[in-house]
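> predicted structure and sequence below. I'll ask about it afterward.
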Amino acid sequence: MKLAIVGQQDFGKSVLEAFLARKDEVVGVFCAPEKPGARPDALKVAAQEKGVQVFQFASLKSAEAIQQMKALNADIGIMAFVLQFAPQDFVRVPTHGTIQYHPSLLPKYRGPSSINWPIIRGDTRTGLTIFRPSDGLDEGPVILQKETEISPDDTLGTVYFDRLFPMGVKAMLEAADLVVAGKHKEVVQDESKATYEGWCRKGEARINWANHVDFIYNAIRGCNPAPGAWTTLEGKELQIFDARKHPVRTFGAVKGKIGEVVEVTDKSFQITAQGGRIEVLRAKLGDGKKLTSGELLAAGQIKAGSLLGS
């Protein structure tokens, strides 16, 4: 199989390595140009090390990008974590067209933060989709889907790195084989079930301690490790990463005010919210590094009675 890979970063690198490991011929790799001062893209570096041609076009809509794809004479195009827009004139060039990876069960959670939002919303399952790219964002027909559960304590990191990442690499191989062999089916997405969510960034990751403890905990999980759920402490930003949720079962068990640090041990601190407390195990204060709560407490940076988010 002759294939062209369009993508970037570690997922693109792993997809490249997986195809090469089974002796497929990667005739070219398309990567977005790096921003000034940024590290070389991981996919680019891996391709160069393995002697694969690398192309970096500012736009895949350009005549030069389309002509280069034509010159490769690929059997299939593989889009692995692509942030550049790829027009139909580009993706239809390979003999069997192009397939794309998306980390959600399309048509639900179209958009760039499709792993964050299911966790933030408290969903109990998610998955990945291999589909045909269209001019609409994540709107093309579905070729293959794989599901995975979201446990009550899963984070963005565990869902992606432990499951959606390795599952996605294998699914790209499987889907490519089906398409090139002509054994695949393409299912049009059901628009009545479709949702689109934009980026989960700093504004979306701010903690409102007046929310129910379930909502706060899900937000922390869905933003761990990025973009990092955050609040404020005495004017400094406090990002919360590893945490636990503790429901409050009686009125007598309620401690302190909403957003108050009400319990401190040598390893963690707990903050009051509606319906329970959040126990923080790892956090980052101000311009400092991510530290265990024990390290923050030992440095005297967080104390019982501190009020967060005020």
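Arrived safely. Numbers count the residues shown, from 1 in each chain.

> pull the longest helix from this protein.
For the chain, the helix with the greatest residue count under DSSP state H is helix 165-181.

> counting neighbours, what do you get for residue 39?
8 (other C-beta atoms under 10 Å). Glycine gets a C-beta too; all of them are placed from N, C-alpha and C.

> quick one: it from residue 58, how far?
19 Å (C-beta to C-beta, to the nearest Å).

> quick one: mean pLDDT for the longest helix of the chain?
Helix 165-181 shows a mean pLDDT of 98.

> how far off centre is it?
How far helix 165-181 lies from its chain's middle: 19 Å, per C-alpha atoms, centre = their mean, to the nearest Å.

> who touches it?
With contact meaning C-beta atoms under 8 Å, 6 or more residues apart in numbering, helix 165-181 is reached by 1, 3, 10-11, 14-15, 18-19, 22, 75-76, 78, 80, 96-97, 99, 101, 103, 128, 130, 143-144, 146, 148, 184.

> now, the residues you listed that are in strands?
Among these, DSSP state E puts 3, 76, 78, 80, 99, 101, 128, 130, 143, 144, 146, 148 in strands.

> which one of those is nearest residue 308?
Nearest to residue 308, judged by C-beta to C-beta, of those is residue 148 at 33.0 Å.

> give me the nearest residue to that closest one, chain neighbours excluded.
Using C-beta to C-beta, 6 or more residues apart in numbering and skipping residues adjacent in sequence, the residue nearest residue 148 is residue 163, 4.7 Å away.

> can you give me phi and psi for the one you found?
phi -130, psi -60 (degrees, to the nearest 10).

> measure it to residue 53 for me?
32 Å.

> more neighbours: which of these two?
Between residue 163 and residue 53, residue 163 has the larger neighbour count (other C-beta under 10 Å), namely 20 against 15.

> from memory the more buried one sits against residue 147, does it?
No: at 9.9 Å, residue 163 and residue 147 do not qualify as touching, with contact defined as C-beta atoms under 8 Å.

> where does pLDDT dip in the stretch 201-310 of the chain?
In the predicted model, the stretch 201-310 of the chain carries no residue with pLDDT under 70.

> and the helices in it?
Counting by DSSP state H, counting those that start in this stretch, residue ranges of the helices within the stretch 201-310 of the chain are 213-222, 293-298.

> buried ones in the last one?
It stands for helix 293-298. 293, 296, 297 (16 or more other C-beta atoms under 10 Å).

> and the strands in the stretch 151-300 of the chain?
Counting by DSSP state E, counting those that start in this stretch, the stretch 151-300 of the chain has strands at residues 229-233, 236-240, 243-247, 261-264, 269-273, 276-280, 282-285, 291-292.

> ok, back up a step: can I get the longest helix of the chain as CSV, trimmed to CA atoms?
Extracted as CSV, the C-alpha positions of helix 165-181 are listed here (Å, rounded to 0.1, in the frame of the first residue of the first chain):
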residue,chain,number,x,y,z
PHE,A,165,-4.4,7.3,21.1
PRO,A,166,-3.4,3.6,20.7
MET,A,167,-6.9,2.6,19.6
GLY,A,168,-6.8,5.4,17.0
VAL,A,169,-3.5,4.2,15.5
LYS,A,170,-4.8,0.7,15.1
ALA,A,171,-8.1,2.0,13.7
MET,A,172,-6.3,3.9,11.0
LEU,A,173,-4.5,0.8,9.9
GLU,A,174,-7.8,-1.2,9.9
ALA,A,175,-9.8,1.5,8.0
ALA,A,176,-7.0,1.9,5.4
ASP,A,177,-7.0,-1.8,4.7
LEU,A,178,-10.8,-1.9,4.3
VAL,A,179,-10.9,1.1,2.0
VAL,A,180,-8.1,0.0,-0.3
ALA,A,181,-9.6,-3.5,-0.5
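
> check which residues of that helix are buried.
165, 167, 168, 169, 171, 172, 173, 175, 176, 178, 179, 180.

> which two among those are spaced furthest apart?
165 and 180 (23.5 Å).

> stretch 302-310 spans what distance, first to last residue?
15 Å (C-alpha to C-alpha, to the nearest Å).

> let me fix that, I meant to ask about stretch 157-165.
Start-to-end, stretch 157-165 (C-alpha to C-alpha) is 10 Å.

> and it, what's buried?
Quick answer for stretch 157-165 (16+ other C-beta under 10 Å): 158, 159, 160, 163, 164, 165.

> which parts of the helix or strand hosting residue 89 are buried?
Taking DSSP states H and E as the definition, residue 89 sits inside helix 88-91. Using 16+ other C-beta under 10 Å as the test for burial, helix 88-91 gives 90, 91.

> thank you, goodbye.
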